[in-house]
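# any chance you can model this:
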Amino acid sequence: MIICGIKLTHDGCVALIDDHKLIFSYEYEKCKNHKRFSCIDDLDFVQEVLEQNGYSLDDVDHFIVDGWDGLDESIIKTCSGGKSVSIKAAPYREKRLSADSLKCYLGDQLILKERYFPYKSYMHSTTHVLSSYCASPFAKSKESAYILVYDGGMHPRLYYFDPANRILENCGPLFMLIGNIYSLFALHFRPYCVDGKSPSVDDLSVAGKVMAYIAKGTFREDVLKQFDIIYKQHFSPTMSFNWLFSEKMREYAEANKIPHEDILLTFHIYLEQKIISSLRNYFKRHGQKSNNFCFAGGCSLNIKWNSAIRASGLFQEIFVSPFTNDTGSAIGAACCEMYCQSENPALEWSVYSGFPIIKNKPAEGFTSRDCTIKELAKLLYETDEPVVFLHGKAELGPRALGNRSIIAPAVNNDMKERLNKIKKRENYRPVSPMCMEEYAQEIFSPGIRDPYMLFDHTLKEEWKGKIDAICHLDGTARLQTISSEDNKTVYELLREYGKMSGIPVLCNTSANYLGTGFFPDVYSATEWGQTKYVWCEGTLYEKCN
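Purely as a prediction, here's the structure:
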């Protein structure tokens, strides 16, 4: 059975599942240097990516559209063949606890190349549930699991899934602060609000910046208590409560002359504790039917929250997918249908299922020559220069995991500042380490397997001063472990560099224009021109002096 999942709204994406195997998941932002979080602006994109992978529209058994916006059927406006069209889709989430989370909404107006195709649509919250569970290790053995979906416009919603008995239970919201509160709150404080002005509430990059900036702050117990006081005093089930909550804390901070970085850090910890205590309280009231846990939605990109949940002792195993935010919604939409059509919920997938790299001509001013991985490792070791590294298929989700990365030695303490400067990022932003998996526990704590860069690690004392470029302001690191099974080419690079330097670690940050998806081709990376070297599939491109 061939199922095509389509996410039309922000983080637009098309994914194809063929007999429980993910064939591809193509995010629109990673095509032609589109802006990050782009919607699919023309349905012709669906046919284009199908044909790139040897499929036709008629090969697809089911087209599935991700739900969006509101509690009733939503209308998504896009184009087909350059003409405006409206697609009826499922709601954002369930209206009530008793609602069927797997309710399927039917449509017949999916216009692809001037042809009308029938399609189905599932709620956005449910596509998060299934994108996470079906990709998890629990799916293969049909083990039950809890799935917490904490996404931008919804409260943290807990689900219990038992595929062996065909049960998907909506356990309801844990508390009444939407996922976007993390960035909405920050917009009331410096550096995101200056002289009463802040970025647009639609600036989806703020949350990631805040997660880095809070390392400047100091945790304050008095502020922590104030959050609960304001929550209880002003609580309302309406969305406007989130803005009012933030405004009241701003007034409190100003009246008590509390540094804004302290407020932001303490709020981060407040939400972290609220997630864990709410889960614990739910299980005390209702019992706990599974020790497996999946965390999904944009909030699960918060590595510190993920690590805190893992350390809480509430669960035996926790899984967060690399496409946990809306970049995985097309996969999740297809998984909803896959599960409904089959008794097998397990998805066979690879994180490297995005667009293949286009090895076209470089921009003017670059020469090229053959370059093996061993030679590239030597270049990194001898020159201490960052290199744009382009290889194979793009990784899924927002994190560059080697195939669309800027890679650099970590031994120079100035490398983080240098990489942030060429990427035009704030100086407090971290640079991530990639490390050979077998050495990770020697260098980091806990240093356990983390191939998707989704948990917090700390650099061990004996390694401080050796690779400080990958260390964040608070001493932590967003580690990516690499095994030969994960990414053979990047693993070989780390191994060869490690032989020369004695350090099996390199810096890793995403390769892209400011505000766009990953570079799709050699030309883009060389036209950007912020590094002297670009490596792609055995060829080194070097900027002329």
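# for stretch 316-329, measure first residue to last.
26 Å (Cα to Cα, to the nearest Å).
# state the mean pLDDT of it.
Stretch 316-329 carries an average pLDDT of 98.
# flag every buried residue along it.
Buried positions in stretch 316-329, judged by neighbour count with 16 or more other Cβ atoms under 10 Å: 318, 319, 320, 321, 322, 323, 324, 325, 326, 327, 328, 329. For glycine as for every other residue, the C-beta is placed from the backbone atoms N, C-alpha and C.
# go on, stretch 406-413?
In stretch 406-413, counting by 16+ other Cβ under 10 Å, buried: 406, 407, 408, 409, 410, 411.
# what residues does it touch?
380-381, 384-389, 400, 415, 418-419, 423, 433-434, 466-470, 493, 497, 501, 503, 505-511, 531 (Cβ atoms under 8 Å, 6 or more residues apart in numbering).
# 6 Å instead?
Contact with stretch 406-413 is made by 380, 384, 386-389, 415, 467-470, 505-509, 511, as judged by Cβ atoms under 6 Å, 6 or more residues apart in numbering.
# next: stretch 120-133.
64-68, 89-93, 101, 104-106, 139, 147, 149, 159, 161, 294, 296-297, 321, 328-329, 331-333, 335-336.
# where do the helices of this protein begin and end?
44-52, 124-135, 181-186, 206-213, 221-234, 240-255, 260-286, 303-311, 329-341, 373-383, 415-422, 440-443, 488-501, 522-528 (DSSP state H).
# can you give me the strands in the stretch 401-545 of the chain?
Remark: strands assigned in the stretch 401-545 of the chain by DSSP state E, counting those that start in this stretch are 404-408, 432-436, 444-445, 457-459, 476-477, 480-482, 505-510, 533-536, 539-543.
# what's the fourth one packed up against?
Judged by 3 or more Cβ pairs under 6 Å, 6 or more residues apart in numbering; DSSP states H and E, the packing partners of strand 457-459 are strand 476-477.
# partners of the strand it packs on, with directions?
Using DSSP bridges, the strands paired with strand 476-477 are strand 457-459 (antiparallel).
# next, the buried residues of stretch 278-292.
In stretch 278-292, the ones that count as buried by 16+ other Cβ under 10 Å are 278, 279, 282, 290, 292.
# which one of the strands of the stretch 401-545 of the chain lies nearest to residue 353?
strand 404-408 (13.0 Å; Cβ to Cβ).
# any idea of the mean pLDDT for the closest one?
Strand 404-408 comes out at a mean pLDDT of 98.
# give the partner strands of it in its sheet and their orientations.
Assessed with DSSP bridges, strand 404-408 is paired to strand 387-390 (antiparallel), strand 505-510 (antiparallel).
# what's the closest of these to residue 243?
strand 505-510 (31.1 Å).
# quick one, grab the pLDDT at the nearest residue to residue 496 once chain neighbours are set aside.
Closest residue to residue 496 apart from its sequence neighbours, by Cβ to Cβ, 6 or more residues apart in numbering: residue 377 at 3.6 Å. Listed pLDDT for residue 377 reads 98.
# now the one 3 residues further on
pLDDT, the model's per-residue confidence, is 98 for residue 380.
# do the same with residue 74
pLDDT, read off for residue 74, is 92.
# count of neighbours near it?
21 (other Cβ atoms under 10 Å).
# got it, and the one 5 residues further on?
Residue 79 sits with 15 neighbouring residues when counted by other Cβ under 10 Å.
# check residue 81 too.
12.
# about what we covered before: residue 197 is nearest to which of the strands of the stretch 401-545 of the chain?
strand 505-510 (28.1 Å).
# just the residues contacting that closest one, thanks.
400, 405-408, 410, 415, 419, 431-435, 467, 469-470.
# spatially, which two of those are the most separated?
So, the contacts of strand 505-510 by Cβ to Cβ: farthest apart are 400 and 467, at 18.6 Å.
# quote the end-to-end distance of stretch 66-84.
Stretch 66-84 end-to-end distance (Cα to Cα) = 19 Å.
# on that earlier part again, out of the strands of the stretch 401-545 of the chain, flag the one nearest residue 174.
Per Cβ to Cβ, nearest to residue 174 of these: strand 476-477, 25.7 Å.
# show me the shaky parts of the protein.
199 (pLDDT under 70).
# apply 80 and report the result again.
195-202, 545 (pLDDT under 80).
# could you export stretch 416-424 as CSV, CA atoms only?
Extracted in CSV, the C-alpha atoms of stretch 416-424 (Å, rounded to 0.1, in the frame of the first residue of the first chain):
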residue,chain,number,x,y,z
LYS,A,416,32.1,29.0,18.2
GLU,A,417,32.4,32.8,17.9
ARG,A,418,33.7,32.5,14.3
LEU,A,419,30.8,30.2,13.2
ASN,A,420,28.2,32.4,14.8
LYS,A,421,29.7,35.4,13.0
ILE,A,422,29.6,33.8,9.6
LYS,A,423,26.1,32.6,10.2
LYS,A,424,25.0,36.1,11.5
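# now it: buried residues?
416, 418, 419, 420, 423.
# hey, what's the residue nearest to residue 478 when sequence neighbours are not counted bridged with?
Leaving aside its sequence neighbours, residue 478 sits nearest to residue 432 (Cβ to Cβ, 6+ apart; 4.5 Å). Beta-bridge partners recorded for residue 432 (DSSP bridges): residue 508.
# I figured residue 432 hits residue 479, correct?
No: contact criterion Cβ atoms under 6 Å: residue 432 and residue 479 do not qualify, at 7.1 Å.
# tell me which of these two has more neighbours.
residue 479 (29 against 23).
# what bridges to the closest residue in space to the more buried one that isn't next to it in sequence?
Among residues not flanking residue 479 along the chain, residue 457 sits closest, at 4.3 Å (Cβ to Cβ, 6+ apart). Taking DSSP bridges, one finds residue 477 as the beta-bridge partners of residue 457.
# state the distance from residue 457 to residue 446.
Look at residue 457 and residue 446: by Cβ to Cβ, to the nearest Å, they are 7 Å apart.
# more neighbours: which of the two?
Shown here are residue 457 and residue 446; by other Cβ under 10 Å, residue 457 has more neighbours (26 against 16).
# hmm, back to that, the strands of the stretch 401-545 of the chain into CSV, with extra columns for distance to residue 143?
Output for the strands of the stretch 401-545 of the chain, formatted as CSV (distance: least, Cβ to Cβ, whole Å):
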stretch, distance to residue 143
strand 404-408, 33
strand 432-436, 30
strand 444-445, 29
strand 457-459, 27
strand 476-477, 31
strand 480-482, 24
strand 505-510, 32
strand 533-536, 41
strand 539-543, 45
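# nearest to residue 27, of the ones you listed?
That would be strand 404-408 among the strands of the stretch 401-545 of the chain, by Cβ to Cβ, at 11.3 Å.
# quick one on the thing from earlier: out of the strands of the stretch 401-545 of the chain, which gets nearest to residue 366?
Residue 366 sits nearest to strand 539-543 of all the strands of the stretch 401-545 of the chain, at 4.6 Å, using Cβ to Cβ.
# if the nearest residue to residue 331 once chain neighbours are set aside is in a bridge, with which residues?
Nearest non-adjacent residue to residue 331, counting by Cβ to Cβ, 6+ apart: residue 15, 4.5 Å away. Here residue 15 shows beta-bridge partners residue 5, residue 25, assigned using DSSP bridges.
# any idea how far residue 300 is from residue 15?
For residue 15, the distance to residue 300 - Cβ to Cβ - is 19 Å.
# from residue 516, how far out is the residue nearest to residue 478?
19 Å.
# also residue 132?
Separation of residue 132 from residue 516 (Cβ to Cβ): 27 Å.
# fine by me, we can end here.
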